[in-house]
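Novice: Structure for the following, please:
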Amino acid sequence: IDIIKTKDTSRFRSTVGMLGPACSDTVEPIAGVSKHFRTVVISYSAEGSISSDNSNDYPYFFRTIAENKQYKHAYIATLQALGWSKVAALTQDGQKYSDYMSS
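Specialist: This is a model prediction of the structure:
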């Protein structure tokens, strides 16, 4: 954030990247800015927001945990093994996770 505020990149020449953020809500703006400063961002727990479908927009962003969409096969296999035919998902923020669910 200091690099954005001061626009003084000389202080950050030895910075090769940053670890974090942990939260999916904050990862997208930081990963977006990292492209302009060519700084690697590695998130250790952000599962949402940035999809592998738009990886060209975030070339310096990497995660150590799979994105939410990649769990769908495990969810389907588990639900089928349990014999469940209907499932409901509740979220706090309304449509926030609608990309991950379909009927």
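
Novice: C-alpha only now, for contacts and for neighbours.
Specialist: Fine.

Novice: Quick check: the gap between Ala74 and Gln80.
Specialist: 10 Å (Cα to Cα, to the nearest Å).

Novice: actually Thr64, sorry about that
Specialist: 28 Å.

Novice: same check, this time on Leu19
Specialist: 37 Å.

Novice: How many residues are close by Val40?
Specialist: Using other Cα atoms under 10 Å, Val40 has 19 neighbouring residues.

Novice: I meant to write Ile30 there.
Specialist: 17.

Novice: and what of Lys69?
Specialist: Burial of Lys69 is recorded as 14 neighbouring residues (other Cα under 10 Å).

Novice: The one 3 residues further on now?
Specialist: Lys72: 12 surrounding residues under other Cα under 10 Å.

Novice: if I've got this straight, it is in a helix?
Specialist: Yes: assessed by DSSP: H, G, I helix; E, B strand; the rest coil, Lys72 belongs to a helix.

Novice: so what secondary structure elements neighbour the longest helix along the chain?
Specialist: Longest helix of the chain, by residue count under DSSP state H: helix 24-37. Counting contacts by 3 or more Cα pairs under 8 Å, 6 or more residues apart in numbering; DSSP states H and E, helix 24-37 packs against strand 40-43.
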